[in-house]
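Trainee: give the three-dimensional model of this entry:
(one chain, ligands or ions: 1)
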Amino acid sequence: MADTDRQQEQTRVDQVMDEIHRQLAASEETYQAAHAETGAIQKNYADNASVNTFEVDDAMETNAELQQQRQLVYLAVTNEETIGQQLDNLKALDRSAYFGRIDIKDAGDTTSDQLYIGTFSLTDADQNFLIYDWRAPIASIYYNGTLGQVHYQTPAGKQTTELTKKRQFTIKNGTITNMFDTNETVGDEMLQAVLGEQNDAVMQNIVATIQKEQNDIIRDTAADLLVVQGVAGSGKTSAILQRIAYLLYHSRNGGQSEIAADQMILFSPNRLFSHYISEVLPSLGERNMRQVTLDDFLTQRLQGLHVQTLFERYEDDATTTDHATTDVRDYLESTQLMADLSTYSRSVSVADLRFNDILLDGSLFFTKEAIAAIYAEQPATMSTPNRFLATKNTLIKQLKRRIKTEAQADWVATELDNLDTEHYHDLLGDRLGTFKELDDEMAFAARAIVRRRFSPIYEALFNNYFLDIYRQYDHFLQTTAPESVDATNWSMHEQDFDAGIEYHRIDLADSVPLLYLRDLITGGGQNRSIAYVFVDEMQDYSLAQMCYIKHAFPKAKFTLLGDSEQALFNHLQTPQELVHQLADAFQAKRPNLITLNRSYRSTMPITNFAKGLLPDGEHIQAFNRPGDLPQIRLRKDTTAAITATAEVAAQELATYGTVAILTKNVITARSVYRDLHAAHLPVSLLNDADRTLPKGVVIMPVYLAKGLEFDAVVAYDVSSTNYPSDDAIGILYTMASRAMHHLTLISVGDASPVISHADPKLLKIEHEF
Ligand SMILES: Nc1ncnc2c1ncn2[C@@H]1O[C@H](COP(=O)(O)OP(=O)(O)OP(=O)(O)O)[C@@H](O)[C@H]1O
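Mentor: Numbering: from 1, shown residues only. Below is the predicted model of the structure:
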């Protein structure tokens, strides 16, 4: 490219940098002022909040004033945050002003307009756009278009223009370090540079190098069910996060209704992953969405029970060879089960409902017979949840009546007499100072005392504890005879469920059916405020779990991402089959499937080796980044294998920031950790409660590494003893595809047939026997 071009571009960068600096200075000043203002308002609030409210006359006035002040604090804090965000955005532009330029010529025009694309938009004092936000409608041309006629979507409909030039830049702190024109979407040269870098402890945004198919995922606003099947390292997680930023931006700028980040929820595979991705949205100027793991989600809804985690299940499955009951699990994870529960809940009779007695301090307050009688009185034409709700409302009414009667009791009068002023005022709460007659006030206080005493009853009613959901689910198990399941297995499972509940434990496979049944009978469990649900690593979810998540967030649009090849224990299914089933189950009107076949994470030799493990991996395209062949070291016993592992880990650590040793399960991870620790290597053992990834060598079972990546990976003990059959393909593929630059496999004895059957040219073999 001509030097004059570069000079002209640099001159423009200089001008833009001047504007950025001018705005930075102004913004810094505004921010300081806003910060001071928040401080003053907060102090004022704190002073007022501690005023004496014991004087009845003052109490009401203080209340109103406090509320007003609280509102002021809220406004000041929000204002400061907004200005702070603008400041952060400007600082980001200061580091890298923009990365793209498109020249477009509309029909009838004789010259092209030049538009520059960056992470945030920037306008000068006359409202001219110096930089366009990457999410602006016109910016899609940058990611999608090749020179010539191009289309882009705007709120006003599809527009057409001519793309006459596309230029890419790397700008660092005001200096263009690289720049070239391209006719491709976003050229490989830029990607090469980004992907060749070392792994950071946290994921980076990909805004400058989004690829065309990824852009389709990011900008799809039509689908109510968007399924992404993408091979390992194809940027599914990256695309999902960019998509969230995109949706938030558009809901602010002309979307139909504004969506806040907390109306979006991401189901992530583990806590490490949650932390790993936590910086991406803030780097794009957005707040993080809510994040939850399936375990946390289920545990929150099943308080008081230990829900078997996915990890515990991996471990249990790996150590037991008994697969006699897979038929039970298959059924419990199917959409058939969800349909059967629905039928059961619709037709359950009063006699079959398992009500609970409600006790207060060990004495009966409402008997289960009385509750059943109330339920029976409700019209049979009502749906089960409506009858249940009517029963609950009747019980609450009865409770209120009993509060009124009980307020006359002697113990209440005695308790009232013994109250000091502070507690008495406390009891009156907001009503303090609102009674004209003392008698009315006393009567109110008496009821308040009883209300307090009876509050456990109210809680029990409110939380639907008058239905014994465990026994109810047990009744479902007893009275259902699924065709696909062996009768003995089924009845054994019912007994296991019962025994588990005794110890406050529940299998993962039972937790969703139980929750669903509870919701179907009691009419709860749905959150209508969530607008978008994202599920990463969806191959680890059963259809029943997916359906339950859909049920829990009925108003949400769904984006599901996964890689069927990385299914550690689930059955493989084609993406088309899956979308079909899901669209059916979700009653989706506009389902869409996008497939990503290009893998960006690993060097070409690593991706080629990983895909060589798959029986049908031909569709996977390796990104052309050179590197060493993966190596396998075969050792005759564990001691020799540990020595080799220690050697490799130490070597890798000398070059790379993140080195991971991945094992089949937690027991092996622990024993490798002990041995390497004894050898004085800087190693850390990770478990499922860990949230951050320490530097140095980390050791973990493979399922904890889901969604993560490391500069170098050592897959420990990939022997035929550990992985004797093709069942291991998913695990070995997942392990191999975590590596960005270097991959070593260690095997005690012969390697797994999955590896020995792969093309030997894809691997360097080194053995000592
Ligand atoms: N367009 C892109 N530009 C730059 N880097 C990219 C791009 N797409 C993906 N990457 C990088 O490739 C790596 C893999 O991306 P990501 O983790 O999103 O893939 P994934 O499909 O979710 O992987 P997996 O299913 O194996 O966990 C990341 O380091 C990401 O930054």
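
Trainee: which residues does the closest residue to the ligand within the stretch 351-500 of the chain contact?
Mentor: Using CB to the nearest ligand atom, residue 484 is the residue of the stretch 351-500 of the chain that sits closest to the ligand, at 31.0 Å. (C-beta placed from N, C-alpha, C; glycine too.) For residue 484, the contact set (CB atoms under 8 Å, 6 or more residues apart in numbering) comprises 327, 330, 331, 336.

Trainee: of the residues you listed, closest to residue 224?
Mentor: residue 336 (23.6 Å; CB to CB).

Trainee: name the element the closest one belongs to?
Mentor: helix 335-347 (DSSP states H and E).

Trainee: may I ask which helix or strand encompasses the most centrally placed residue in the chain?
Mentor: When the chain is reduced to its mean C-alpha position, the nearest residue by CA atoms, centre = their mean turns out to be residue 266, at 2.5 Å. Counting by DSSP H and E, the element that carries residue 266 is strand 264-267.

Trainee: can you list the residues that contact that strand?
Mentor: With CB under 8 Å, 6+ apart as the criterion, strand 264-267 contacts 240, 244, 247-248, 289-294, 297, 530-536, 541, 549, 553, 556.

Trainee: one more pass at 6 Å, please.
Mentor: The list of residues contacting strand 264-267 from outside it, by CB atoms under 6 Å, 6 or more residues apart in numbering, reads 244, 289, 290, 291, 530, 532, 533, 534, 535.

Trainee: please see if the helix or strand following that strand touches the ligand.
Mentor: Of the helices and strands lying after strand 264-267 in sequence (DSSP H and E), the nearest is helix 271-276. No. Figure legend: helix 271-276 not in contact with the ligand (CB under 6 Å from any ligand atom); closest approach 8.7 Å.

Trainee: now helix 271-276 - C-alpha only, PDB.
Mentor: Extracted in PDB, the C-alpha atoms of helix 271-276 (Å, rounded to 0.1, in the frame of the first residue of the first chain):
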ATOM      1  CA  ARG A 271     -17.800 -21.300  37.800                       C
ATOM      2  CA  LEU A 272     -14.300 -21.000  36.400                       C
ATOM      3  CA  PHE A 273     -15.900 -20.300  33.000                       C
ATOM      4  CA  SER A 274     -18.100 -17.600  34.500                       C
ATOM      5  CA  HIS A 275     -15.000 -15.800  35.700                       C
ATOM      6  CA  TYR A 276     -13.100 -16.500  32.500                       C
END
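
Trainee: quick one, what contacts residue 542?
Mentor: Applying CB under 6 Å, 6+ apart, the residues near residue 542 are residue 333.

Trainee: and the gap between it and the ligand?
Mentor: As defined by CB to the nearest ligand atom, to the nearest Å, residue 542 lies at a distance of 19 Å from the ligand.

Trainee: state the distance from the closest residue to the residue nearest to the centre of the chain other than its chain neighbours to residue 680.
Mentor: Closest residue to residue 266 apart from its sequence neighbours, by CB to CB, 6 or more residues apart in numbering: residue 534 at 4.5 Å. Taking CB to CB, to the nearest Å as the measure, residue 534 falls 43 Å from residue 680.

Trainee: quick check: mean pLDDT of the particular helix or strand that has residue 85 in it?
Mentor: Per DSSP H and E: residue 85 is located in helix 56-95. Summarised as a single mean, pLDDT over helix 56-95 is 79.

Trainee: list the contacts for the residue in the stretch 201-350 of the chain that the ligand sits nearest to?
Mentor: Closest residue of the stretch 201-350 of the chain to the ligand, CB to the nearest ligand atom: residue 235 (2.9 Å). Each residue near residue 235 by CB under 6 Å, 6+ apart is listed here: 214, 600.

Trainee: what's the pLDDT at it?
Mentor: Residue 235 is given a pLDDT of 94.

Trainee: could I get the average pLDDT for stretch 181-196?
Mentor: Average pLDDT, stretch 181-196: 74.

Trainee: pull that stretch out as CSV, backbone CA atoms only.
Mentor: The C-alpha trace of stretch 181-196 is given here as CSV (Å, rounded to 0.1, in the frame of the first residue of the first chain):
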residue,chain,number,x,y,z
ASP,A,181,-7.1,-3.3,2.1
THR,A,182,-9.0,-6.5,1.7
ASN,A,183,-11.8,-7.9,-0.3
GLU,A,184,-12.5,-10.7,2.2
THR,A,185,-14.8,-10.4,5.1
VAL,A,186,-12.3,-9.9,7.8
GLY,A,187,-8.9,-11.0,6.6
ASP,A,188,-6.8,-13.9,7.9
GLU,A,189,-3.8,-11.7,8.4
MET,A,190,-5.4,-9.8,11.2
LEU,A,191,-6.7,-13.1,12.8
GLN,A,192,-3.3,-14.6,12.5
ALA,A,193,-1.9,-11.9,14.7
VAL,A,194,-4.6,-12.1,17.3
LEU,A,195,-4.7,-15.8,17.5
GLY,A,196,-0.9,-16.2,17.7
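
Trainee: before we move on, the earlier item: got phi/psi on the residue of the stretch 351-500 of the chain closest to the ligand?
Mentor: phi -80, psi 0 (degrees, to the nearest 10).

Trainee: kindly report the same for residue 297.
Mentor: The phi/psi pair for residue 297 (degrees, to the nearest 10) is phi -60, psi -50.

Trainee: hmm, back to that, going along the chain from the helix holding residue 85, find the next helix or strand for me.
Mentor: Taking DSSP H and E, what comes next after helix 56-95 is strand 100-105.

Trainee: now do that next one: which elements does it pack against?
Mentor: Judged by 3 or more CB pairs under 6 Å, 6 or more residues apart in numbering; DSSP states H and E, strand 100-105 is in contact with strand 113-118, helix 140-144, strand 157-172.

Trainee: okay, now the sheet partners of the first one, with direction.
Mentor: The one in question is strand 113-118. The pairing partners recorded for strand 113-118 under DSSP bridges are strand 100-105 (antiparallel), strand 129-133 (parallel).

Trainee: surely residue 447 meets residue 406?
Mentor: No. When contacts are counted by CB atoms under 6 Å, residue 447 is not listed as touching residue 406 (8.6 Å).

Trainee: the residue lying closest to residue 69 once chain neighbours are set aside: neighbour count?
Mentor: In this structure, residue 69 finds its nearest non-sequential neighbour in residue 45, 4.6 Å apart by CB to CB, 6+ apart. Neighbours of residue 45 under the rule other CB atoms under 10 Å: 18.
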